[in-house]
Structures are given as structure tokens and as C-alpha cells.
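S.K.: Below is the sequence, then the predicted model.
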Amino acid sequence: MITKNRKQELVGELVELLEKANGVYLVDFTSMTVAETSRFRKMIHEKQLVYRVAKNTLIERAVNQIGKFSIPAANLFGQTGLVLSYDDPTAPAKVIKEFFDKGEKPKLKAAFLEGTFYEGSELKAIAALPTRAEMIGSILGSLNAPASGIVGAINAVMRDVASLIEEVAKKQNNAA
């Protein structure tokens with residue numbers, strides 16, 4: 001039996017983890033074998049994500065203390081594991097989907113990406129979202145494209161003007 005003080009410590013740890021996270025995923029790991037759980041934890045660790053298992057009531061208390069988002073009661077059932085991301089909010093979805101595709105476990109119960117709630121059935125859509133780095137690269141590429149086009153156009157005009165001046169100078173030298 002967990003003491004009241006230990007429960008408060010666990011809630012405090014969860015609050016600390018959840019406050020900084022920009023991606024929070026609730027997974028149901030029921031019926032996963034020890035070997036599957038070990039492989040799942042290893043994949044999570046390799047992607048520099050955090051995985052914690054906690055009682056639903058403690059997760060609910062921690063979420064209520066934070067106040068940034070709320071988890072519907074329908075998503076807090078059975079065994080619940082939290083997969084947390086601090087850099088790329090879509091990274092856990094890609095890991096969960098990759099693992100789920102191999103054996104249909106763990107199942108995504110719900111997810112919060114930067115404050116937006118997603119049902120567990122939306123795993124494929126979340127996993128298909130581009131990573132933060134891909135989005136930034138795309139935006140920078142889009143911003144850079146017009147600038148390089150302008151530079152190219154200016155260079156072409158300058159070449160044309162230079163050619164025109166050169167031709168006029170040749171004609172004047174031939175005429176004289």
C-alpha cells in the first residue's frame with residue numbers, strides 16, 4: 001500500500017514532468033509482455049522521450065494541479081502509461097505507431113500536443129504530422145525561395161544592362 005506522502009511525491013514528480021512537456025500521450029499497455037515492454041521503453045529512450053507508468057488517479061491529480069489541459073474520464077481507465085516529449089511533440093506518435101503496427105500494442109488512449117486534445121483513434125494522423133525541424137525547414141525554404149528569385153531577377157537585369165552598355169560602347173567605337 002502506498003502511503004499518502006508517497007502519493008504526494010509521485011503527483012509532484014508527474015506535475016514536474018507534465019508542466020514542461022509539449023507532447024503528452026496516454027497509452028494502454030495491457031497485455032504487453034515483458035520483452036515487448038522492454039523494447040518499447042528502449043525505443044522511447046532512443047528518441048529521448050520520457051515514459052512513466054502511474055495510477056490513473058495520480059495522473060488525474062497531477063493534470064488538475066497543472067491546469068493546462070484536462071483528460072476526459074473516459075480516457076483514464078485500465079493501465080496507463082505516459083509518453084512525454086519536450087522537443088518534438090509528434091515524436092511519441094511516430095514511436096507508438098511504429099510499435100503498434102508490429103503487434104497492435106500499446107494502444108493510444110489520448111494525446112495532447114501543445115494543448116490540443118486528440119483521441120486515440122487519431123494516431124495515424126498525429127504520426128503523419130511533420131516534425132518541428134521539418135516544419136521549420138519548410139518555412140525557411142518558403143521564405144528563402146522568393147528572396148533567391150528576386151536576387152536571380154536582379155542579377156539577370158544587371159547582366160542585360162551590362163550587355164547593353166557593352167554593345168552601345170562597341171557601336172560608338174566602330175562609328176568613330
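M.R.: Thanks, I have the structure now.

S.K.: Glu166: neighbour count?
M.R.: Neighbourhood size, Glu166 [other C-beta atoms under 10 Å]: 10. In short, each C-beta sits where N, CA and C put it, glycine included.

S.K.: go on, Gly137?
M.R.: Neighbours of Gly137 (other C-beta under 10 Å): 12.

S.K.: and if you look at Glu104?
M.R.: By other C-beta under 10 Å, 9 other residues sit near Glu104.

S.K.: Do a quick rundown of the strands in the protein.
M.R.: 23-28, 50-53, 81-85, 107-113, 116-119 (DSSP state E).

S.K.: Save the ones you listed as CSV, and put in mean pLDDT and mean neighbour count too.
M.R.: Formatted as CSV, the strands of the chain follow (pLDDT from 0 to 100; neighbours: other C-beta atoms under 10 Å):
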stretch, mean pLDDT, mean neighbour count
strand 23-28, 88, 24
strand 50-53, 92, 15
strand 81-85, 90, 22
strand 107-113, 86, 21
strand 116-119, 82, 14
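
S.K.: Now tabulate those in TSV and tack on distance to Lys7.
M.R.: Below are the strands of the chain laid out as TSV (distance: least, C-beta to C-beta, whole Å):
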stretch	distance to Lys7
strand 23-28	19
strand 50-53	15
strand 81-85	16
strand 107-113	22
strand 116-119	26
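
S.K.: Figure out which of those strands is closest to Ser70.
M.R.: Closest to Ser70 of the strands of the chain, according to C-beta to C-beta: strand 116-119, at 8.4 Å.

S.K.: Quick check: which ranges of the protein have low pLDDT?
M.R.: 130, 132, 134-135, 138, 142-158, 160-164, 168, 175-176 (pLDDT under 70).

S.K.: What does Phe69 show for phi and psi?
M.R.: phi -150, psi 170 (degrees, to the nearest 10).

S.K.: contacting residues around the closest residue to it other than its chain neighbours?
M.R.: Distances taken as C-beta to C-beta, 6 or more residues apart in numbering place Phe112 nearest to Phe69, at 5.0 Å, with adjacent residues excluded. By C-beta atoms under 8 Å, 6 or more residues apart in numbering, the residues touching Phe112 are 23-25, 69, 118.

S.K.: Would you format these as TSV with distance to Ser85 included?
M.R.: Shown next, in TSV, are these (distance: C-beta to C-beta, whole Å):
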residue	distance to Ser85
Gly23	3
Val24	8
Tyr25	8
Phe69	14
Tyr118	13
